[in-house]
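Participant: sequence and computational prediction follow.
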Amino acid sequence: MSGPSAAQRALEGQALLVENFAQWREAARDLLVHGVAPEQVTWGAPHRDDLLAGDLFSGASSAAEPSHNASTPLPAAPQDSLQDRPVKPTPHIPRSFMQMLQSAACCRVPDRWAFLYRVIWRWTQGEHDVQSPADEDGARLNGMVKAVRREEHDMHAYIRFRERPVDAGPPRFVAWYEPRHDVLPQVAEHFAKRMGKVSWMIATPEASVLWDGQTLHETGPLAHNAQELEDDGEALWLTYYRSIFNPARLNAGIMHQHITSDRWKHLPEAKIVPHMIGEASRGARKVGQYEAVGQRKGTTIPIAPEDAQPERHQHPSKLDECRRCELYQFATQAVPGEGPKHAQIMLVGEQPGDQEDLAGHPFVGPAGKLLDQVCEAAGLDRSTVYVTNAVKHFKWEPRGKRRLHKTPGQREIEACHYWYEKELASVKPTVIVALGATALKSVLGTATVTLKNSLGKPIRHDGRWVVTTYHPSYVLRVPGEDAKHEAFSIMVQGLKLAHELLNRPLDEPSEPGLL
């Protein structure tokens, strides 16, 4: 990059004009290696007219829109120059943390660049709790990431493509959307995978993206509003929408709760929904299905009350979109299982811990290190087994600035059993090792089983062997060295038994203690 560096500009009291995450990352790297603290930096965004003009850090600070990190700092003292500062090694940032920052950078808040630099500065100073929702900055960072993910989900759901005439040439389909955050590039990747080789364009007030069937092309705004993209097929869609609308089942409150008012303007049916709601309130609700219902003959069907309950759980296809229980609201991310695709042994724990929640990988904290020791003592290569948890989100309670583990409830175990069954169907293990009582309840699908009565005993269940042993965290917290040594030995014996069961047929006659 030509011209003075980001660190030199900052020390001279000039604003750093940043347009995107790549530019921010380049500037932040230079600031960090020269030890420039957040309070010494003023961040800004180029004006629209200046986005394609000049160097990233060129121009006076008056051309920037100052962020909320602080008022414009005073120029540095003459002795505080770049030459007087030692150059530090380029910091190594974990990929998961950098991806978190990149996602948060899409959140449209005025001080995002200043805030992200404060977060990464704290991390390089050893304050790794800055990732945690229990930290003030960590809570805001996680909130920004969730807001961006929610916007991506909404954009997937509420975009409506309009078909253009064949003789008009590409793009074949066009759509207009007004996103709250800068999620157009990642949403475009989603639709490129979904729509195959057919050409399309998504236009927004800030930018547009075109897909020619092979390559995505990003460009400036190509439309001013949705009216420029209307097509003849819209009338056909509205006719169909009217035909499926059922006034007898209308709940306007729920409708507006699920789709906020600013989203309605992106939907073609928004033009006719207010009229249909008005018709329903004037009596259409009462007679909406009168004629069809009156022709039906009543039939009494005996059914248990619990079987008559509606299916309330969703069936998401991606773990990070799971909303089957409330734990997702308080966790950093869902933690999937890891291991060979068709491992013969599957280890099932309880739930991710604090470090697993931040890293996004199972058994990487203290319990994971102890599990490594147990596997080594049992002669089992951990890289050959599949490791997962019965519950995929970290359940915790605050204790000062720490997040302490809280045991999942039966409802949360049952909600997450959906993902366990998917893993089971995919991996197809021969032996399952349940690490602790929560895992055992999930594996056997019952809340009545106890760890004490099944510890170390092989169990036949659904065409597989199941072995029960302690969770590594139990070994870490049990008081007394003798008790720790005994619990560790029981875990080792459990993994050895799991390995032996790989060669034991399920139909072999039972031995004493064999269930």
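Facilitator: Perfect, thanks for sending it. Residues are numbered from 1 along each chain as shown.

Participant: who's in contact with residue 30?
Facilitator: Applying CB atoms under 8 Å, 6 or more residues apart in numbering to residue 30 gives the contacts 5-7. From N, CA and C alone the C-beta is placed, and that goes for glycine too.

Participant: nearest to residue 182, of these?
Facilitator: Ranked by distance to residue 182 (CB to CB), the contacts of residue 30 are led by residue 6 at 21.4 Å.

Participant: isn't that closest one up against residue 32?
Facilitator: No. Using CB atoms under 8 Å, residue 6 is not in contact with residue 32; the gap is 10.0 Å.

Participant: on the three-state scheme, residue 387 is what?
Facilitator: The local conformation at residue 387, judged by DSSP: H, G, I helix; E, B strand; the rest coil, is strand.

Participant: before we move on, back to that, neighbour-wise, which of residue 6 and residue 32 wins?
Facilitator: Applying other CB atoms under 10 Å to residue 6 and residue 32 shows that residue 6 carries more neighbours, namely 24 against 20.

Participant: how about the contacts made by that one?
Facilitator: 16, 26-28, 30-31, 57.

Participant: check residue 201 too.
Facilitator: Counted by CB under 8 Å, 6+ apart, residue 201 has contacts 171, 173-175, 208-211, 222.

Participant: can you give me the helices for the stretch 301-450 of the chain?
Facilitator: 354-359, 366-377, 410-427, 437-444 (DSSP state H, counting those that start in this stretch).

Participant: these: which one's closest to residue 326?
Facilitator: helix 410-427 (8.2 Å).

Participant: show me what that closest one is packed up against.
Facilitator: Counting contacts by 3 or more CB pairs under 8 Å, 6 or more residues apart in numbering; DSSP states H and E, helix 410-427 packs against strand 345-349, strand 386-389, helix 437-444.

Participant: let's go with 6 Å and repeat that
Facilitator: helix 437-444 (3 or more CB pairs under 6 Å, 6 or more residues apart in numbering; DSSP states H and E).

Participant: and residue 416, how many neighbours does it have?
Facilitator: So residue 416, with other CB under 10 Å, has 24 neighbours.

Participant: next up, the contacts around it.
Facilitator: Counting by CB atoms under 6 Å, 6 or more residues apart in numbering, residue 416 touches 391-392.

Participant: roughly how far does it sit from residue 359?
Facilitator: Per CB to CB, to the nearest Å, residue 416 is found 19 Å from residue 359.

Participant: cool, and residue 220?
Facilitator: Residue 220 is 38 Å from residue 359, where distance means CB to CB.

Participant: between those two, which one's more packed in?
Facilitator: More crowded of residue 220 and residue 359, by other CB under 10 Å: residue 359, with 21 against 10.

Participant: which of the helices or strands spans the closest residue in space to the more buried one that isn't next to it in sequence?
Facilitator: Nearest non-adjacent residue to residue 359, counting by CB to CB, 6 or more residues apart in numbering: residue 96, 5.9 Å away. Secondary-structure element containing residue 96, defined by DSSP states H and E: helix 95-104.

Participant: returning to what we had before: okay, and which of the contacts of residue 6 map to strands?
Facilitator: residue 16 (DSSP state E).

Participant: which among the contacts of residue 6 gets closest to residue 429?
Facilitator: Distances from residue 429 to those, taken by CB to CB, are shortest for residue 28, at 44.0 Å.

Participant: got the contact list for the helix or strand where residue 175 lies?
Facilitator: Using DSSP H and E, residue 175 sits within strand 173-176. Outside strand 173-176, the residues within contact range by CB under 6 Å, 6+ apart are 159, 161-163, 200-203, 226, 229.

Participant: would you confirm that residue 182 contacts residue 106?
Facilitator: Yes. Counting by CB atoms under 6 Å, residue 182 touches residue 106, with 4.4 Å between them.

Participant: where along the stretch 101-250 of the chain do the strands fall?
Facilitator: 162-163, 173-176, 200-203, 208-211, 216-219 (DSSP state E, counting those that start in this stretch).

Participant: which strands or helices does the last one pack on?
Facilitator: If I follow you right, that is strand 216-219. strand 208-211.

Participant: list the buried ones in the strand it packs on?
Facilitator: 208-211 (16 or more other CB atoms under 10 Å).

Participant: how distant is it from the center of its chain?
Facilitator: 25 Å (CA atoms, centre = their mean, to the nearest Å).

Participant: just how off-centre is stretch 417-436 within its chain?
Facilitator: Per CA atoms, centre = their mean, the centroid offset for stretch 417-436 relative to its chain is 22 Å.

Participant: please apply the same query to stretch 98-109.
Facilitator: 13 Å.

Participant: again with stretch 379-397
Facilitator: 18 Å.

Participant: ok so, going back, for the contacts of residue 30, which one is nearest residue 444?
Facilitator: Nearest to residue 444 among those: residue 6, at 57.7 Å, using CB to CB.

Participant: check what pLDDT that closest one gets.
Facilitator: Listed pLDDT for residue 6 reads 90.

Participant: kindly check the end-to-end length of stretch 126-134 for me.
Facilitator: 16 Å (CA to CA, to the nearest Å).

Participant: just the residues contacting it, thanks.
Facilitator: With CB under 6 Å, 6+ apart as the criterion, stretch 126-134 contacts 119, 122-123, 135, 137-139, 142, 358, 398, 401, 403.

Participant: model confidence over that stretch, on average?
Facilitator: What stretch 126-134 shows for mean pLDDT is 92.

Participant: buried ones in that stretch?
Facilitator: 128-134.

Participant: same thing with stretch 470-485?
Facilitator: So stretch 470-485, judged by 16+ other CB under 10 Å, has buried residues 470-475, 478, 484.

Participant: SS state for residue 93?
Facilitator: Residue 93 ends up coil, using three-state DSSP.

Participant: need the phi and psi values for it.
Facilitator: phi -110, psi 130 (degrees, to the nearest 10).

Participant: over to residue 459?
Facilitator: Note on residue 459: its backbone torsions stand at phi -120, psi 130 [degrees, to the nearest 10].

Participant: tell me, what's the model's pLDDT at the closest residue in space to it that isn't next to it in sequence?
Facilitator: Nearest residue to residue 459 in three dimensions, chain neighbours excluded: residue 466, at 4.3 Å (CB to CB, 6+ apart). Looking at residue 466, its pLDDT reads 95.

Participant: same thing with residue 449?
Facilitator: For residue 449, the predicted pLDDT is 87.

Participant: burial count for the residue nearest to it when sequence neighbours are not counted?
Facilitator: For residue 449, ignoring the flanking residues on the chain, the nearest one in space by CB to CB, 6+ apart is residue 440 at 5.6 Å. Look at residue 440: counted by other CB under 10 Å, it has 24 neighbours.

Participant: now residue 332
Facilitator: 25.

Participant: quick one: contacts for it?
Facilitator: Taking CB under 6 Å, 6+ apart, one finds 142, 357-358 in contact with residue 332.
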